[in-house]
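Next input, structure requested:
(4 chains)
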Protein chains: 2
Amino acid sequence: MRSGIKQVAGMAGVSTSTVSHVINNTRFVSEETKAKVFYAMKMLDYRPNSAAQSLRNQRSNTIGLIVPILPSDTSNFFFMTVAQGIQKVLHKHGYHLLLSNNSTEEIEEEKEQIKLFNSKQIDGLIIASISEDVSYLNEIVATDYPVVFIDRKPKGYTGDCIISDSVGGSFHAVQSLIDKGHRKIGLITGNLGITTSNERLVGYKKALLKNGIAYNDSRVVTSGSTFESGFESAKEILSTQDITALFITNNVLTMGAMKFLQDEKIKIPSDLAVIGFDDYDWTQITTPPLTVIRQPSFDLGMKAAEVIMNRINKDTSSYKEHRLKTELVIRGSC
Amino acid sequence: MRSGIKQVAGMAGVSTSTVSHVINNTRFVSEETKAKVFYAMKMLDYRPNSAAQSLRNQRSNTIGLIVPILPSDTSNFFFMTVAQGIQKVLHKHGYHLLLSNNSTEEIEEEKEQIKLFNSKQIDGLIIASISEDVSYLNEIVATDYPVVFIDRKPKGYTGDCIISDSVGGSFHAVQSLIDKGHRKIGLITGNLGITTSNERLVGYKKALLKNGIAYNDSRVVTSGSTFESGFESAKEILSTQDITALFITNNVLTMGAMKFLQDEKIKIPSDLAVIGFDDYDWTQITTPPLTVIRQPSFDLGMKAAEVIMNRINKDTSSYKEHRLKTELVIRGSC
DNA sequence: CTGAAAGCGCTTACAG
DNA sequence: CTGAAAGCGCTTACAG
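Model (predicted):
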C-alpha cells in the first residue's frame, strides 16, 4: 500500500486540499501547517501518483518522440543523440520522454504510434517522419498539443521545424573537395523524398555548378539508410564511375561505404578522397580518420525540446523553421 | 475534447459498464450490442485514457529501465541494443518502456530515478546498476513490483539476473590469443566492482593459469568506460609493457584503444594482436577488421523482458541467474 | 487561513 | 444479458 495524499493529510491533521496546495505551492499555507505537511510527506515517503495527476490535470507532462531507426545492427547514432538532447531539456522542465521507434518504413506504423501517444495523453509530439508529406497527421494528431518536426521539413501540416543546414553543409563538403582539385566527385545519399537527402543533393549540385563542373547523374546513388546499402552503393558507384572523391551524406551510409573501401583496400585519400557525414567517435578510428560534416545533433534535440516547451507554455507566435549550422571537421580522408 | 467511454456509451445507447466490458472482453455482451459499441468507438475514434486506466487498475503497463550511459559522444551501443530487445518483447505484451539514463555515476541519481518511476506506477524495473551492492534498493523500490538485473549481478537485493557468460567469453578470447603463440597479453577492462569487469578479469586469469603463464598485474589496466579512458589505457599499457597481444573488454573502451593504436600507427596484428568486445558494425571498418567477443545484447534485452513479464504474471518460482553464451567472432586483428 | 466536495475517465462488485 | 454507482488519487472552484 503506497501512501497517498489522504494518508499525508491524516498524519498532518489537515485536509487533502491543504496538502495539495502545499505540494503545488498554489495558495498560502501557514509555515506551521506547511512544516507538518512536509514532515508527514517525508515520514510516509509520499510520492504523487502521476496517473491521478494526469487524469485530473488533463495532461501528462510527457512528450512523445517518434524517430525512424531501422532494425539493423547499426543503430542510427544521429537520432539517439538527438533524443539525448531532448531528454536533457525536458528533464529540466519536469517532463518525460516517451520514445517510439518506427523501425518499419510504414506510415501506418507511425499512425499507430501516434494513436498510442494520444492514449497516453502526451502534451506534445516531436517527430522525424518517414514521409515528407505529413498531411495524414491532420486526422491523427489530437488538436490540443503542439507538434515539432525534426530533421525533415513537413508538408501538409504546420508546425515548428528544427533541421540542420543541409544545403550549406553539403555545399561546404563538395566545395572543399573541389578546392583540393577534385572534379569527378561521387555522392551517396539517403532516399530522396526526405528533406535532408533532397537538400544534400541540392548542395552537391550547387557546388558543382558554382565551379563550372557538369552534373552527372550516374555519379549519384541514393538508397535506404542502412549499413548494407552504404556498402552496396559504394560498390556500385566505384565499379561504374571513374571518381576521385566521394561524399556520403549520413552516418550509417558512411559506415557501410567505408566497409566497402576497407574490403577493397582502396587507399584514402590517394585513390579516393572521402568526406562522411556526422561526427561520431568511430570516424576517428578508420584509416585514415574521416573528414566529416558535423551536424549539431545534440543541440538539435535541445532546440526541439525548447521550442515545444514554449509552445506548451502558450507561445503563439507563428511557426518557425530553425536551421542549425553544420561544420566541416577536417581529418585525414581528404 | 477527446471522447471517452461516456460518449461511446451515449452514442451506442448502452451503459458505460457495457462499453468497458466490450473493450476488455470481460463479460458476455450480445453480438448486436457489441456491434453498436464498436461502431460508436470507430465513429468517435475512441482511445482509452491510459491515465484513468492506470489510476483505476493500480498499474501502468509500464516497465522502467535504468541504464548507465555516460554522457560522452560515444553512446554505449550495448545498452541501446539491450533496450531495443526489451522494447520488442514489451510491445508484444502491450507494455511500455520508460527509459532512464543514469549519466552520472552516482547512486543518488539512481535513487531519484527509481522514485520517479514509483511515482509513475511502474509495474516492474529492469536495471543495470552502477553499483554491485544494491542493498539501497530495499528502501527505495516499492515492494509490489519485480526487479530484474541486467549485466551486473546484484548484492544485497534479490531478483532475477540476466547476464552474459563473461568468464567464458573472456577465457575464450585470451585462450585464442595464447593458441596463436602469444604469452604477453595485455588487458583493458572497465572499473572493477562491476560484475562484468570482475568476471572478465577472472576469465583472463583463468586462461593464463591454464596455460602456465604467470599473471602480471601491470599488464592489466582498469578504467571507466569512456572513449577517452580507452585511449589512455592503451597508451599506458603500451608505453610500459612489452606485450604482443591486447584484449579489451567492452565496446567503448575498444573504440578508444583503437584510436590510440591508429594514431600510433601500430600494425595489427603483426605488432600487436587485438581482440575487442561487442560485435557492432564499426568493428568491420577498422584496419584490419576487429576480432571480437560478441555478446547477445539484443537477446539479453528480450530475455530480461520475458522474465519480468512472467514475474508480473505471478511466476513465483525462485529467482534465477540467466547466463547467455558469448561467441568469438574472428576477423583480421588476431 | 483552511476544508468539504465534485469530478477527471476508467473498472468492477453488486443488483436485477 | 445489462445498468447504476462507487472509487482509484489527485486538483480546484466554492464556501466560510
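
So residue A:162 belongs to a strand, correct?
Yes: with DSSP: H, G, I helix; E, B strand; the rest coil as the criterion, residue A:162 is located in a strand.

check contacts around it.
Contacts of residue A:162 were listed using CB atoms under 8 Å, 6 or more residues apart in numbering or on different chains, and they are A:148, A:149, A:150, A:151, A:300, A:303, A:304, A:307, A:322, A:324. No exception for glycine: its C-beta is placed from N, CA and C like everyone else's.

Show the pLDDT at it.
Residue A:162 carries a pLDDT value of 96.

Repeat that for residue A:71.
So, for residue A:71, pLDDT stands at 59.

Can you name the residues of chain A sitting close to DNA strand D?
Within chain A, the positions near DNA strand D by CB under 7 Å from any atom of the strand are A:2, A:4-6, A:16-17, A:19-21, A:23-24, A:26, A:46-49, A:52-53, A:55-57.

could you pick out which of those residues are near chain B?
Contacts with chain B within the residues of chain A next to DNA strand D, counted by CB under 8 Å from any CB of the partner chain: A:2, A:47, A:48, A:49, A:52, A:55.

The second one is in contact with residue B:114, isn't it?
Going back to what we said before, that points to residue A:47. No: checked against CB atoms under 8 Å, the pair residue A:47 and residue B:114 is beyond contact range at 10.3 Å.

More neighbours: which of the two?
Using other CB atoms under 10 Å in any protein chain shown, the more surrounded residue of residue A:47 and residue B:114 is residue B:114, with 22 against 18.

The more buried one should be in a helix, yeah?
Yes: under three-state DSSP, residue B:114 sits within a helix.

Enumerate every residue touching it.
Applying CB under 8 Å, 6+ apart to residue B:114 gives the contacts B:64, B:66, B:125, B:137, B:140, B:141.

Show the pLDDT at it.
Residue B:114 is given a pLDDT of 89.

same deal with residue A:75?
For residue A:75, the predicted pLDDT is 54.

Write out the residues of the stretch 101-250 of chain A neighbouring chain B.
A:101, A:115, A:118, A:119, A:120, A:121, A:142, A:144, A:227.

ChimeraX command for the buried members of these?
The buried residues among these can be selected in ChimeraX (16 or more other CB atoms under 10 Å in any protein chain shown) with this line:
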select /A:101,118,119,120,121,142,227
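
What are the boundaries of the strands in chain A?
A:62-67, A:96-101, A:124-127, A:147-150, A:160-164, A:185-190, A:220-223, A:245-248, A:273-277, A:291-294, A:321-324, A:327-329 (DSSP state E).

Which one, of those, ends up nearest to residue B:94?
Closest of those to residue B:94 is strand A:96-101, at 14.0 Å (criterion: CB to CB).

can you give me the angle that closest one makes with strand B:96-101?
110 degrees (axes from the mean of the first three to the mean of the last three CA atoms, to 10 degrees).

Buried residues of strand A:96-101, list them for me.
Of the residues in strand A:96-101, those buried (16+ other CB under 10 Å) are A:96, A:97, A:98, A:99, A:100, A:101.

For chain B, see how far away the second one is.
Right, residue A:97. According to CB to the nearest CB, to the nearest Å, residue A:97 and chain B sit 8 Å apart.

Quick check: that residue vs residue A:66, distance?
Residue A:97 sits 11 Å away from residue A:66, taking CB to CB, to the nearest Å as the criterion.

Give me the below-cutoff pLDDT ranges for the stretch 51-200 of chain A.
A:70-76 (pLDDT under 70).

Enumerate the residues of it near DNA strand C.
Near DNA strand C, when you scan the stretch 51-200 of chain A using CB under 7 Å from any atom of the strand, you find A:52, A:55, A:56, A:58.

which residues touch residue A:330?
Neighbours of residue A:330 in contact, by CB under 8 Å, 6+ apart: A:176, A:291.

domain ranges for chain A?
A:5-48, A:62-163+A:298-324, A:166-294 (automatic domain parsing).

Span of the second one from start to end?
The one in question is domain A:62-163+A:298-324. 25 Å (CA to CA, to the nearest Å).

Might you calculate how far it sits from the centre of the chain?
8 Å (CA atoms, centre = their mean, to the nearest Å).

buried sites along stretch A:115-131?
A:116-131.

Do I have it right that residue A:149 meets residue A:129?
Yes: if you go by CB under 8 Å, residue A:149 and residue A:129 touch, sitting 7.1 Å apart.
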